[in-house]
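Asks: predicted structure and sequence below. I'll ask about it afterward.
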Amino acid sequence: MDVLVEDLLNRSTEALRAPHDLLYRSSEAIWAHQEAGTARLKELTDYYSQHASETLWAHYEAGDARLREFLSTSYYAQAYAEGMLGSVSEHLFKRQRELAEKLKLTLTSKLKIVILLFLIFEYRGYVKTGKLFNTGSVSYIFFITSCIAYYLHRVTTAATPPLLFYKQTPWMERCLELCPKLRKTYHPTLLWAWNGHLQTIILGKMGRSFNPALPGVRRCFKAEDGGTVYYDTYDPPFSKALATVIIVPGIANTSEKLYIKTFVRSCLGSSFRAIVLNHLGALKDAPLTSARIFGYGHTGDLAGLVDIVHARYPRSKLLLVGFSMGGNVAAKFLGEDEERQRLFSGATTVCQGYDIKGSSSFLYSWERLARFYNWAITNGALKSTINRHGKMLYNLFDQRTISSATCIQDIDRCVMMRMYGFNTLDEMYESWSSSKYLDKIAVPLLTLNAADDPIIAPLCADIPINLACHQEKKIHVQTQCGGHLGFYKGGIIIPDGLSWMDTTLVEWFNAVLSLSKPEDADDSDLWYSDDVSSE
């Protein structure tokens with residue numbers, strides 16, 4: 001009986017074990033199929049993901065290339081349009097200048113014919129009556145009437161807005177909005193300021209109608225060659241300085257010139273500190289300490305002054321302005337070294353010639369009486385400066401040759417060329433010209449010239465026009481009247497105390513500063529031991 005029961009239990013156990021084994025084998029089969037399905041699914045997922053990624057990347061690259069092609073096409077189209085606009089502006093300006101010259105020549109020729117006819121008729125009347133300049137004669141009345149008509153024509157056409165040449169950008173449009181004087185009519189003094197010769201001569205002989213009293217401090221520093229360079233500092237009397245304007249005067253000029261004083265007065269009115277570089281040898285009471293005077297393109301003295309100003313006012317924004325020869329020095333100073341430009345927020349040059357070689361050739365001609373001004377500058381500014389320091393300079397240069405010089409080129413040949421180590425005049429003029437440095441200036445730059453300037457060659461205006469039409473943050477301003485550094489405005493006979501140049505340049509500086517990055521100004525005035533006098 002026990003054997004039967006045990007046999008029955010064994011069979012039952014085997015019967016129960018068979019489904020367990022089947023379930024185990026089924027689990028293994030299901031797991032194997034699951035792994036195979038997972039691997040297949042992963043393989044398919046990787047394949048389609050990679051294929052989709054490659055497809056998407058190909059579409060992205062194609063779209064990016066198309067976008068770049070479109071942007072490149074748009075850029076070239078914009079550059080072409082801007083180039084065409086600049087070319088059209090230059091062509092229109094040249095055409096306008098040609099027409100103006102033709103009109104001027106026509107009027108001048110007609111006036112000469114009127115004068116000739118008047119003299120003929122007066123001679124005939126003198127032969128018949130024995131009287132000369134009969135005020136009741138028809139020829140005399142006709143002559144006076146013609147002169148009055150010519151004068152009224154010049155007066156009525158003198159007041160015009162200045163011509164502006166610039167590349168249209170949002171920055172420049174915003175700047176012009178902040179500087180409305182550039183788009184308004186410039187009204188020269190009524191009775192005489194329409195003539196460039198009168199403005200130039202009156203500025204040279206009389207200066208301005210306003211002689212401001214400016215409390216300043218005169219300081220000096222030693223140049224590398226041992227020369228003593230003087231500069232004057234003028235601080236705003238009633239407020240902190242918003243910026244510092246470094247001023248470079250014209251040939252043989254100093255802070256004592258009235259056009260420099262009125263510009264300094266305009267700067268102080270806008271809370272700008274003004275620092276004037278007195279050209280080496282130009283001050284009457286400052287003896288030379290080395291055998292060197294100023295040079296038309298020598299920038300070492302200005303570089304030394306800028307280093308001192310930056311060290312003294314390290315957080316003050318710097319602005320640079322140069323007049324006539326000083327404009328050439330200022331522009332060349334900025335273009336020579338890009339590191340210098342980081343110190344400045346803006347710059348301006350007024351009535352400079354840009355190309356010294358071209359200006360020299362013009363001054364040797366009689367166009368616009370340039371030869372007369374050449375002689376006047378030689379016998380006035382240059383010879384007086386050299387003779388003032390004769391004890392030091394005559395040991396190196398021939399006094400007889402200097403005394404017999406009749407033009408700037410003679411002085412340059414016997415003094416300047418040897419003083420600064422050049423072999424030829426052309427080498428010196430090409431090395432000192434600012435024209436080849438203008439395109440390297442990255443800071444906002446305004447160049448100002450007058451169309452009737454008798455000292456600057458008319459063709460030199462093409463240099464700043466080409467620059468302004470093709471580079472950003474550059475503008476060339478050309479007024480119809482103004483002469484050389486004159487720019488008298490207002491009044492009938494006596495002009496306003498401040499010239500159009502004084503007020504407009506300061507307004508331009510204010511506009512440039514308002515568009516520059518805001519920085520804290522530091523007016524800390526460190527004490528320097530180089531104070532030599534106080535005015």
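Replies: Perfect, I can see it now.

Asks: tell me where this structure is predicted with low confidence.
Replies: The chain contains residues with pLDDT under 70 at 1-34, 37-38, 41-42, 44-158, 517-535.

Asks: could you rerun that using 50?
Replies: The chain contains residues with pLDDT under 50 at 71, 74-77, 79-80, 84, 88, 520-535.

Asks: assign His476 to helix, strand or coil.
Replies: Reduced to three states with DSSP: H, G, I helix; E, B strand; the rest coil, the structure at His476 is strand.

Asks: Thr378 too?
Replies: Three-state call for Thr378 (three-state DSSP): helix.

Asks: my read: it touches Ile411, true?
Replies: Yes - between Thr378 and Ile411 there is a contact under Cβ atoms under 8 Å: 6.0 Å. C-beta: built from backbone N, CA, C; applies to glycine.

Asks: anything in contact with each of those two?
Replies: Counting by Cβ atoms under 8 Å, 6 or more residues apart in numbering, the residues touching both Thr378 and Ile411 are Ala405.

Asks: which residues are in contact with His279?
Replies: His279 makes contact with Pro249, Ile251, Ala252, Asn253, Thr254, Ile293, Phe294, Asp301, Gly326, according to Cβ under 8 Å, 6+ apart.

Asks: rerun that using 10 Å as the cut-off
Replies: Contacts for His279 (Cβ atoms under 10 Å, 6 or more residues apart in numbering) come out as 229-230, 248-254, 293-295, 298, 301-302, 325-326, 329, 381, 385.

Asks: name the helices or strands packed onto the helix or strand where Arg218 lies?
Replies: In this structure, Arg218 sits in strand 217-222 according to DSSP states H and E. Counting contacts by 3 or more Cβ pairs under 10 Å, 6 or more residues apart in numbering; DSSP states H and E, strand 217-222 is packed against strand 228-234, strand 272-278, helix 300-312, strand 531-534.

Asks: from the contacts of His279, which land in helices?
Replies: Asp301, Leu302, Met325, Gly326, Val329, Thr385 (DSSP state H).

Asks: in this structure the first one contacts Phe221, no?
Replies: Which is Asp301. Yes - judged on Cβ atoms under 10 Å, Asp301 makes contact with Phe221 at a distance of 9.1 Å.

Asks: touching both of those two, which residues are there?
Replies: Taking Cβ under 10 Å, 6+ apart as the criterion, Asp301 and Phe221 both touch Gly227, Val229, Tyr230, Tyr231.

Asks: ok, which pair from the ones in helices among the contacts of His279 is furthest apart?
Replies: The most widely separated members of the ones in helices among the contacts of His279 are Leu302 and Thr385, with 18.0 Å between them, by Cβ to Cβ.

Asks: show me where this structure has its strands.
Replies: 163-166, 217-222, 228-234, 243-248, 272-278, 318-323, 344-350, 445-450, 474-479, 531-534 (DSSP state E).

Asks: got the buried residues for the strand holding Arg218?
Replies: For strand 217-222, burial by neighbour count (16 or more other Cβ atoms under 10 Å) applies to Val217, Arg218, Arg219, Cys220, Phe221.

Asks: just checking, Ala461 touches Leu467?
Replies: No - Ala461 sits out of contact with Leu467 when judged by Cβ under 10 Å, with a separation of 11.0 Å.

Asks: what residues are shared contacts of these two?
Replies: Phe165, Tyr354, Thr447, His476.

Asks: burial of the first one, as a residue count?
Replies: Look at Phe165: counted by other Cβ atoms under 10 Å, it has 21 neighbours.

Asks: may I have the beta-bridge partners of it?
Replies: For Phe165, the beta-bridge partners are His476 (DSSP bridges).

Asks: wait, isn't it in contact with Ile475?
Replies: Yes - counting by Cβ under 10 Å, Ile475 is a contact partner of Phe165 at 6.9 Å.

Asks: between those two, which contacts overlap?
Replies: Joint contacts of Phe165 and Ile475 (Cβ under 10 Å, 6+ apart) are Thr447, Pro464, Leu467, Ala468, Cys469.

Asks: now tabulate the residues you listed in CSV and tack on distance to Leu288 and neighbour count.
Replies: Output for the shared contacts of Phe165 and Ile475, formatted as CSV (distance: Cβ to Cβ, whole Å; neighbours: other Cβ atoms under 10 Å):
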residue, distance to Leu288, neighbour count
Thr447, 32, 27
Pro464, 34, 27
Leu467, 36, 22
Ala468, 39, 26
Cys469, 43, 23
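
Asks: Phe238: which of those residues is nearest?
Replies: Phe238 has its nearest neighbour among the shared contacts of Phe165 and Ile475 in Thr447, at 32.4 Å by Cβ to Cβ.

Asks: tell me who's in contact with the closest one.
Replies: With contact taken as Cβ under 10 Å, 6+ apart, Thr447 is in contact with 165, 327, 331, 347-352, 354, 434, 438, 461, 463-465, 467-468, 474-478.

Asks: could you find the closest non-adjacent residue to it?
Replies: Closest residue to Thr447 apart from its sequence neighbours, by Cβ to Cβ, 6 or more residues apart in numbering: Pro464 at 4.2 Å.

Asks: what about the one you found, distance to Tyr231?
Replies: Using Cβ to Cβ, to the nearest Å, we find Pro464 at a distance of 27 Å from Tyr231.

Asks: Leu305 too?
Replies: 6 Å.

Asks: mutual contacts of those two, please.
Replies: Both Leu305 and Tyr231 are in contact with Arg219, Phe221, Ile246, Ile275, Val276, Leu277, Asn278, where contact means Cβ under 10 Å, 6+ apart.

Asks: redo those residues as a markdown table? Include distance to Glu177.
Replies: Shown next, in a markdown table, are those (distance: Cβ to Cβ, whole Å):
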| residue | distance to Glu177 |
| --- | --- |
| Arg219 | 38 |
| Phe221 | 40 |
| Ile246 | 27 |
| Ile275 | 29 |
| Val276 | 31 |
| Leu277 | 32 |
| Asn278 | 37 |
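
Asks: only whichever of these are buried, select them in ChimeraX.
Replies: Burial among the shared contacts of Leu305 and Tyr231 is assessed by 16+ other Cβ under 10 Å; the matching ChimeraX selection reads:
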select :219,221,246,275,276,277,278
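
Asks: just put the strands of the chain in TSV and tack on distance to Tyr420.
Replies: Formatted as TSV, the strands of the chain follow (distance: least, Cβ to Cβ, whole Å):
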stretch	distance to Tyr420
strand 163-166	33
strand 217-222	19
strand 228-234	16
strand 243-248	18
strand 272-278	18
strand 318-323	19
strand 344-350	22
strand 445-450	25
strand 474-479	29
strand 531-534	26
